[in-house]
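> What shape does this take:
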Amino acid sequence: MGTGERNQEAHVSEGSGATPPRTLAEALRTRGDASLAALLRARPDLLSPVPNDLSQLATRAATRASVVRALERLDRFTLQTAEALAVAPDPAPYEALRALMTGDDGDPAIEAALPTAVATLRDQALLWGADDRLRLVRTARELLAPSPAHPSPTGLGPTVAEATAGMSPGRWQETLAAAGLPPTHDPVSAVTALAALFNDRTRMSELLDTAPPEALMVLERLVWGPPYGEVTPDPAPPVRWLRDRGLLLPTSLRTVVLPREAALHLRGGRAHRAVEPVPPAVVPAHEYRPQVVDGTAAGQAYTALATIEELLKDWNEGGPAVLRSGGLSVRDLKRTAAALDVPEHTAAFWVELAYAAGLLASDGEASERYAATPAYDEWLDLPPQDQWTRLATAWLRATRTAGLVGGQDAKGRVLAALGPDLDRSAAPEVRRRVLALLAELPEGAAPSPEQLLARLRWERPLRGSGASGESGGAATPLGDLRSRIALWTLTEAELLGMTGRGALSSHGRALPEPSADAGSEAAALLAPLIPEPLDHVLLQADLTAVAPGPLRRPLADTLDVLADVESKGGATVYRFTPASVRRALDAGRAASDLHAFLAEHSRTPVPQPLSYLIDDVARKHGHLRVGAASAYVRCDDDAMLGEILADKRSQPLGLRRLAPTVLAAQSDPATLLEGLRGMGFAPAAESAAGDVLITRAHAYRTPPRTAPAPVPEGPPTPDDTLLGAALRAIRAGDMASTAVRKEAPAAAAPGTTPGELPRTTSAETLATVQAAALTGSAVWIGYVNADGAASQRVIAPVRVEGGFVTAYDHTADEVRTYPLHRITGVAELADSP
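Alright, predicted model coming up:
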């Protein structure tokens, strides 16, 4: 059912019939199940817990917290409609509301959009009553109506009646005389006369025609708000002229206010200076071929996978320590950014993305550190497109907001990456909305960020105007959190490869869909775009190797040990050095293994300088042996040991000769190895048995960890099953509370107030229930359960025996059995349900 149809249904149900609704609860009782379900779906906080009846639902819908949450979800035009109702008479006819929105000149666009806005307010129980008696919920009216402490968004001030409360009769007569009105006998008549003057377009225009030009200038400064102004005890003549005629009314000794009726005349009847019935358009600012967008996004998607892998490989043996307050230190974030060759804010995004995907966590040890989780090893075994889908899905759902890193919270504390204060509940909604707006554009089209921000501010104006509670991040046109999250979303989507050149890619369009197959569809669209891993490199004579594309994992892992990465980009350049070759030898590779590996995976002949480098390092490797004494050095060449002792750089190691071929050291083996390598030697560590120790990178993993759960923004939207059960319970409870009961004799229920369930004796209870079972009628009972909780129910008894009554419970909508001794009272219903 469309919004206009719901509006018509609400108008018919609330406006027709013998008696119009007097309260919100009565208005809700006239609604059908579809309308109530729409209300509960739009305001899920009303179901926590499920209300007992419609009266309790109406009370909960009017609480301040619930109304504020509902107002925050209104678009700008619907909110402007509610703001206009807050300054209109209560109740207000639809024509008065339309006049406040369109002004004296009218506006077809506003008139066309107004019924939908009224229907939305009705659907969300912020407005009730027929079109001739529209009533804004009292709490919403209090929040939106003007007051000195909280000015109205309309810029209007109080009415004449509100501003003149407490004005003396003598002052009233002076004001009426100056305005050219006849005297009155009481303040109420005076208020009515002055308000009628301000509301009369002809007489008000004649009065303003006599005003000095300076007085009109004063009114121009106040007309669109704020309506308050400060005056001196002896005001200037223009201000005195306005005050004498009631066009400025005193609110204190030094403050005056422009009354609402006068301001509306000066505005031409409009409550708002600018009404926005239509959302700002999001149009293409740049257009590219879809193939270019998909190719760019796919290339960046593969870069994202490589960056996450490089990050966790860098933390493979245990990453940085966890701060006492939680999170990553500034120094460690800088080190990570340098290792990834990206800015710090980008490094924070990659770290937070790995954490959100469950690939990274703290180990929970006494000296707590960050490290990869076992899930990272599973992620590595996935195809690239599935790896990307997992990262992108985690990013869409995460409430953690990496853009806040480096900023400050409300207490002035710096927000750290992986810290506990980065969750923002609005982040998933904003990300999905930004991607949805991008998806509405033609393929290959990219909008400007300013257009997206304008649209988001129109859709959630109250969310945009609130303070976010923290500072930091990139500067934006607005300091509000939603706008900053939207800008971060555009940047992060580009880094992740969901967009290319600002336009949404084909796999990016598939992913935001809520269907279960969206992930597999996105992976299928991305798979053909990701370059196939290569099994070869190009060796060059300057001791470098060029990888013209992504490498297969075994080749990349071995090359990472044998050479150092010199540069990245479209092609990765590796450089072979004595240290890198020694690293491969330490890992257990022989020189012959290295020669065979390079010959197998190089598309060019192995350069002679590289072969010489490998042979030269291998010849020296292991000639010196280091073991644990505390540490010792042994070598068959006693001349080499003499050279070490003679070198001044060996003094910190505390070396002394034990035998012609053995030196003892006062330092540990690791320090001794580093010291000898720093002197230009190539020692090898050996075990207690004299065998060479093979050193490989130790893959440290945390215990199994689950990905951080998103922090929800209020209760989740209920599904159809919960809505159906809740509606049945609310309807049944409402029937029980509003059922018409027969009046009990006064003698049988002394002290019982009308409408209260009388207490009955056991004999009376048994007789009434048995009679209802024989006649098939329903009765109203009071019942106390085993926990002592009292309730009232409407039941239709079926069988009474053994001290129990079996009956159909209309309140619970099921057959139940009740012990008779727990029934506190019973009364017949005037009419059976």
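
> Chain neighbours aside, what residue packs nearest to Phe678?
Not Phe; residue 678 is Gly. Nearest residue to Gly678, sequence neighbours excluded (CB to CB, 6 or more residues apart in numbering): Arg649, at 7.1 Å. C-beta coordinates here come from the backbone N, C-alpha and C atoms, glycine included.

> Now do Arg369 against Asp647, distance only.
For Arg369, the distance to Asp647 equals 37 Å [CB to CB, to the nearest Å].

> I meant to write His601 there.
Distance of His601 to Asp647, given as CB to CB: 39 Å.

> Those two - which one has more neighbours?
His601 (20 against 15; other CB atoms under 10 Å).

> so what's the residue positioned nearest the centre of the chain up against?
For the chain, the residue nearest the mean C-alpha position is Ala426 (1.5 Å; CA atoms, centre = their mean). The contact partners of Ala426, by CB atoms under 8 Å, 6 or more residues apart in numbering, come to 463, 481-482, 485, 713.

> Secondary structure, pLDDT and neighbour count added to those, as JSON lines?
Conversion of the contacts of Ala426 to JSON lines gives the following (DSSP: H, G, I helix; E, B strand; the rest coil; pLDDT from 0 to 100; neighbours: other CB atoms under 10 Å):
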{"residue": "Arg463", "secondary structure": "helix", "pLDDT": "65", "neighbour count": "20"}
{"residue": "Leu481", "secondary structure": "helix", "pLDDT": "88", "neighbour count": "24"}
{"residue": "Arg482", "secondary structure": "helix", "pLDDT": "90", "neighbour count": "23"}
{"residue": "Ile485", "secondary structure": "helix", "pLDDT": "95", "neighbour count": "26"}
{"residue": "Glu713", "secondary structure": "coil", "pLDDT": "78", "neighbour count": "14"}
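
> and which of these is nearest Ala196?
Using CB to CB, Arg463 is the member of the contacts of Ala426 that lies nearest Ala196, at 40.4 Å.

> What residues does Ala88 make contact with?
96-97, 100.

> residues contacting Pro151?
Contact analysis of Pro151 by CB under 8 Å, 6+ apart lists 225-227.

> Tell me the one of the contacts of Ala426 nearest Glu162?
Among the contacts of Ala426, Arg463 lies closest to Glu162 (CB to CB), at 30.0 Å.

> just to revisit the earlier point, which one of the contacts of Ala426 is nearest to Leu328?
Scanning the contacts of Ala426 for proximity to Leu328, where the rule is CB to CB, the winner is Ile485, at 21.1 Å.

> Distance-wise, check the closest one relative to Arg432.
Going from Ile485 to Arg432 by CB to CB gives 11 Å.

> How about the contacts made by Ala417?
Neighbouring residues of Ala417 by CB under 8 Å, 6+ apart: 327-328, 333, 347-348, 351-352, 402, 405.

> Can you tell me how far it is from Ala392?
Distance from Ala417 to Ala392, by CB to CB: 20 Å.

> hey, which helix is longest across the protein?
For the chain, the helix that runs over the most residues, judged by DSSP state H, is helix 290-314.

> Go ahead and measure how far that helix is from the middle of the chain.
26 Å (CA atoms, centre = their mean, to the nearest Å).

> again, but for stretch 647-662
Mean C-alpha position of stretch 647-662 versus that of the full chain (CA atoms, centre = their mean) differs by 64 Å.

> would you put the C-alpha positions of it in PDB?
Output of stretch 647-662 as PDB, limited to C-alpha atoms (Å, rounded to 0.1, in the frame of the first residue of the first chain):
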ATOM      1  CA  ASP A 647      88.800  -6.400  15.500                       C
ATOM      2  CA  LYS A 648      87.800  -3.600  18.000                       C
ATOM      3  CA  ARG A 649      84.100  -4.200  17.100                       C
ATOM      4  CA  SER A 650      84.200  -7.600  18.800                       C
ATOM      5  CA  GLN A 651      85.000  -6.100  22.300                       C
ATOM      6  CA  PRO A 652      81.300  -5.700  23.300                       C
ATOM      7  CA  LEU A 653      80.800  -9.400  22.700                       C
ATOM      8  CA  GLY A 654      83.300 -10.400  25.400                       C
ATOM      9  CA  LEU A 655      85.200 -12.900  23.300                       C
ATOM     10  CA  ARG A 656      88.200 -15.000  24.600                       C
ATOM     11  CA  ARG A 657      90.000 -18.000  23.000                       C
ATOM     12  CA  LEU A 658      89.400 -21.400  24.600                       C
ATOM     13  CA  ALA A 659      91.200 -23.400  22.000                       C
ATOM     14  CA  PRO A 660      92.800 -22.700  18.600                       C
ATOM     15  CA  THR A 661      89.500 -23.200  16.900                       C
ATOM     16  CA  VAL A 662      87.000 -22.100  19.700                       C
END
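
> Just give the nearest non-adjacent residue to Ile530, would you?
The shortest distance from Ile530 to any non-neighbouring residue, by CB to CB, 6+ apart, is to Pro384 (5.0 Å).

> doesn't Leu305 make contact with that neighbour?
Yes: between Pro384 and Leu305 there is a contact under CB atoms under 8 Å: 5.9 Å.

> would you list every one of the helices in the stretch 601-750 of the chain?
Secondary structure of the stretch 601-750 of the chain (DSSP state H, counting those that start in this stretch): helices at 608-620, 638-646, 669-678, 720-738.

> Ok, the stretch 201-350 of the chain next?
Here the stretch 201-350 of the chain has its helices, by DSSP H, counting those that start in this stretch, at 201-209, 213-222, 237-244, 260-266, 290-314, 330-340, 344-356.

> nearest to Ala527, of those?
Proximity to Ala527, assessed across the helices of the stretch 201-350 of the chain by CB to CB, is greatest for helix 290-314 (9.5 Å).

> Show me what that closest one is packed up against.
With contacts taken as 3 or more CB pairs under 8 Å, 6 or more residues apart in numbering; DSSP states H and E, helix 290-314 sits against helix 330-340, helix 344-356, helix 384-397, helix 481-496, strand 499-500, helix 506-510.

> which of the residues in it are buried?
290, 293-294, 296-313 (16 or more other CB atoms under 10 Å).

> for the record, mean pLDDT for it?
Mean pLDDT, computed over helix 290-314, is 92.

> So which residues make contact with that helix?
With contacts defined as CB under 8 Å, 6+ apart, helix 290-314 is touched by 336, 339-340, 342, 350-351, 353-354, 359-360, 372, 376, 380, 384, 387-388, 391, 443-444, 494-501, 503-508, 526, 529-531, 550, 560.

> same check, this time on stretch 245-257
148, 157-158, 160, 163-164, 175, 178-179, 194, 207, 215, 218-219, 227-233, 239, 242-243, 258-259, 262.

> ditto for stretch 188-208
Under the contact criterion CB under 8 Å, 6+ apart, stretch 188-208 has outside partners 104, 159-161, 164, 172-173, 175-176, 179-182, 184, 216, 245-246, 259, 261-262, 264-265.
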